[in-house]
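J.: Pasted the sequence and its predicted model underneath.
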Amino acid sequence: MEKLYGKLELVDLPLEALAVTLRSVLGEYVDATRSITADEPRDFEIGSILALLLSERCLLPKTSLRIPALWTLASMFSRAKISSHPFLSTLLMYAVDDPGGGPSFKVASDFEERWTVFCCLTGKMEMLGKASTNEIMANAIQHRNSILQTLRESSYSQLLSQLSGARSRPTTLSAVFAVPNGHSIAHSSPTISEAIAAANRIFSPSPIQPDPPSASQLLSFKPRFVLPPPPIMPLTESDLIWLDPDPAQYNVEFDYSTCDEIPKQDEVKRLMFVALQGPLTHSQQQFVTEQFNRRPKLIFKCGVIPDNLSELVENNPTIAYELLSRMMGTEKLNDYLQVLVNMNVSLHSMEVVNRLATASDVNSMSASASSSPPQPSSTYSSPPHSSNITGSLPVEFIHTYISNCIHNCETIKDKYMQNRQVRLVCVFLQSLLRNRIVTVQDSYHEIQAFCISFSRIKEATALFRLLKKEGDVLTK
């Protein structure tokens, strides 16, 4: 409790910020003492602690301590109507000059406290929360006469009467301990240390009960929701037939296709996991393709992500093509193309790109693209509007992939592997040129230099002839 009282004495902090701090401190105490899980709401327990402290002025002996406690208690359930506030009775005790509560409440409430409750009850809570305790008290003293006149207005008195009627049975906690109410004993407020000592005794485990239900018996005020069992409906003679129905009279219909789709989806996920490790059989590939056709959204739930796309391409290029071809026009396509353009150039990767490019209508994009040849790049940067293109591969992807294929051939050290890779790339480029997937003016100089560098290879010579032929046709 020392930490709580220390926070309440931060009189220069705005009430909004101070309330957050107070709820955090009390929340830690509630979590440490209650037996329910930490995920359950704890606002009622926090409100119970504040209501208990406010129910006896001796526990909060200063006005500067009671003002932030009142504002915090009122703000905890501010989203609901004020008449539905679970601790409205506690607020109403501080709304009048003579609260008439326990014996210690014989001391009238300070007008600063009544002004705080007035703002909370009349919709001015947010305005008051931006001020600190010192500012509220200084402003109340400066405008004392006008505030007292406002508190005596008949409209406010009627509001208090209505709210008091809504709380005919007060839910405020009864007095825990009381200041003696004798004429021979002067009413004097206890010191902060005495209040902290009293609060520690109240909110600590009872020394008499060895195993209390919770750390504080005074926090078990949460209302119990009684759920009575529903009444039994009156029985009629027509209901008795269902006790022993005649099976020959009714034909039981059962939908055998119920939940039939879930096992198939699970089977697709299992096969895709296998496809990342090794090639699938022809029947398995047909099954996966059929399920993709029946449920297009399954491509995003089958377990293939950009990080493992390269394994799928190398082991099952057909499945990789079926997957990527159905992603055409989606926002996620660029992430997969980025992986495809940066992976190692192989027969399977070129097969996937060639099939995607052939099946796509890239000609329309090439016609609208700039006639200047693109700059070679090792990475693919998706165009700003490529996600809006339906059924087409971005032309920048094709150009970047061609550049990476040529660069890969030039960096291979082993002559045998280099010659083999050059043959594959030449066949790939010939397919792109014949199908008009790329035009000569887009990649003429880059492909020409590639053919000259590997002119000793027959496929490179054939590619060079095709390039010159297409260039001559374009010139004419």
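T.: Yes, it's here.

J.: tell me the secondary structure for Pro86?
T.: coil (DSSP: H, G, I helix; E, B strand; the rest coil).

J.: Quick check: it touching Phe77?
T.: Yes - if you go by CB atoms under 8 Å, Pro86 and Phe77 touch, sitting 6.4 Å apart. C-betas here are computed from N, CA, C, even on glycine.

J.: joint contacts of these two?
T.: Residues within reach of Pro86 and of Phe77 at once, by CB atoms under 8 Å, 6 or more residues apart in numbering, are Gly47.

J.: which stretches of the stretch 151-300 of the chain have low pLDDT?
T.: Applying pLDDT under 70 to the stretch 151-300 of the chain flags the ranges 165-189, 204-225, 248-249, 256-261.

J.: repeat for the stretch 351-476 of the chain
T.: Using pLDDT under 70, the flagged stretches of the stretch 351-476 of the chain are 360-392, 471-476.

J.: Could you rerun that using 50?
T.: Counting by pLDDT under 50, the ranges of the stretch 351-476 of the chain that qualify are 361-379, 381-390.

J.: Strands of the stretch 151-300 of the chain, residue ranges please.
T.: Assigned strands in the stretch 151-300 of the chain: none (criterion: DSSP state E, counting those that start in this stretch).

J.: can you give me the helices in it?
T.: Under the criterion DSSP state H, counting those that start in this stretch, the stretch 151-300 of the chain carries helices at the ranges 154-166, 192-202, 261-275, 282-294.

J.: Now render the ones you listed as JSON lines, adding mean neighbour count.
T.: Shown next, in JSON lines, are the helices of the stretch 151-300 of the chain (neighbours: other CB atoms under 10 Å):
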{"stretch": "helix 154-166", "mean neighbour count": "13"}
{"stretch": "helix 192-202", "mean neighbour count": "16"}
{"stretch": "helix 261-275", "mean neighbour count": "15"}
{"stretch": "helix 282-294", "mean neighbour count": "14"}
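
J.: Pro306: which of the ones you listed is closest?
T.: Nearest of the helices of the stretch 151-300 of the chain to Pro306, taken as CB to CB: helix 261-275 at 14.3 Å.

J.: quick check: angle from the closest one to helix 282-294?
T.: Note on geometry: by axes from the mean of the first three to the mean of the last three CA atoms, to 10 degrees, helix 261-275 and helix 282-294 are set 130 degrees apart in direction.

J.: In the stretch 301-450 of the chain, mark out all the helices, start to finish.
T.: Taking DSSP H, counting those that start in this stretch to define them, one finds helices in the stretch 301-450 of the chain at 309-315, 317-325, 333-342, 347-359, 363-368, 395-411, 415-434, 440-453.

J.: related to what we said a few turns ago, which stretch among the helices of the stretch 151-300 of the chain comes nearest Leu73?
T.: Comparing the helices of the stretch 151-300 of the chain by CB to CB, helix 154-166 comes nearest, at 14.9 Å.

J.: Show me what that closest one is packed against.
T.: helix 88-93, helix 111-121 (3 or more CB pairs under 8 Å, 6 or more residues apart in numbering; DSSP states H and E).

J.: go with 10 Å
T.: With contacts taken as 3 or more CB pairs under 10 Å, 6 or more residues apart in numbering; DSSP states H and E, helix 154-166 sits against helix 88-93, helix 111-121, helix 144-151.

J.: which helices and strands sit right next to the shortest one?
T.: Helix 88-93 makes packing contacts with helix 43-55, helix 63-75, helix 111-121, helix 154-166 when contacts are defined by 3+ CB pairs under 10 Å, 6+ apart.

J.: Specify the stretch among those helices that is closest to Met327.
T.: Using CB to CB, these put helix 43-55 closest to Met327, at 46.7 Å.

J.: Report the angle between the closest one and helix 63-75.
T.: Using the same axes, to 10 degrees: helix 43-55 against helix 63-75 is 150 degrees.

J.: ok and helix 43-55 relative to helix 111-121, angle-wise?
T.: 150 degrees.

J.: CA-only coordinates of helix 43-55 in PDB, if you can.
T.: C-alpha atoms of helix 43-55 as PDB (Å, rounded to 0.1, in the frame of the first residue of the first chain):
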ATOM      1  CA  ASP A  43     -11.700  -3.500 -13.100                       C
ATOM      2  CA  PHE A  44     -14.300  -4.500 -10.400                       C
ATOM      3  CA  GLU A  45     -11.500  -5.600  -8.000                       C
ATOM      4  CA  ILE A  46      -9.700  -2.300  -8.500                       C
ATOM      5  CA  GLY A  47     -12.900  -0.400  -8.000                       C
ATOM      6  CA  SER A  48     -13.600  -2.300  -4.800                       C
ATOM      7  CA  ILE A  49     -10.200  -1.300  -3.400                       C
ATOM      8  CA  LEU A  50     -10.800   2.400  -4.300                       C
ATOM      9  CA  ALA A  51     -14.400   2.300  -2.900                       C
ATOM     10  CA  LEU A  52     -13.200   0.700   0.300                       C
ATOM     11  CA  LEU A  53     -10.500   3.400   0.700                       C
ATOM     12  CA  LEU A  54     -13.100   6.200   0.000                       C
ATOM     13  CA  SER A  55     -15.800   4.600   2.300                       C
END
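
J.: Of all the residues in it, which ones are buried?
T.: Of all the residues in helix 43-55, those buried under the rule 16 or more other CB atoms under 10 Å are 44-55.

J.: Let me have those residues in CSV, adding distance to Leu4 as columns.
T.: Output for the buried residues of helix 43-55, formatted as CSV (distance: CB to CB, whole Å):
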residue, distance to Leu4
Phe44, 18
Glu45, 14
Ile46, 11
Gly47, 14
Ser48, 14
Ile49, 8
Leu50, 10
Ala51, 14
Leu52, 12
Leu53, 9
Leu54, 13
Ser55, 16
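
J.: Out of these, which comes closest to Ala460?
T.: The closest of the buried residues of helix 43-55 to Ala460 turns out to be Ile46 (CB to CB; 78.8 Å).

J.: Phi, psi for Val25 please.
T.: phi -60, psi -50 (degrees, to the nearest 10).

J.: Please report how far it lies from Ser78.
T.: Note on Val25: its distance to Ser78, by CB to CB, to the nearest Å, is 20 Å.
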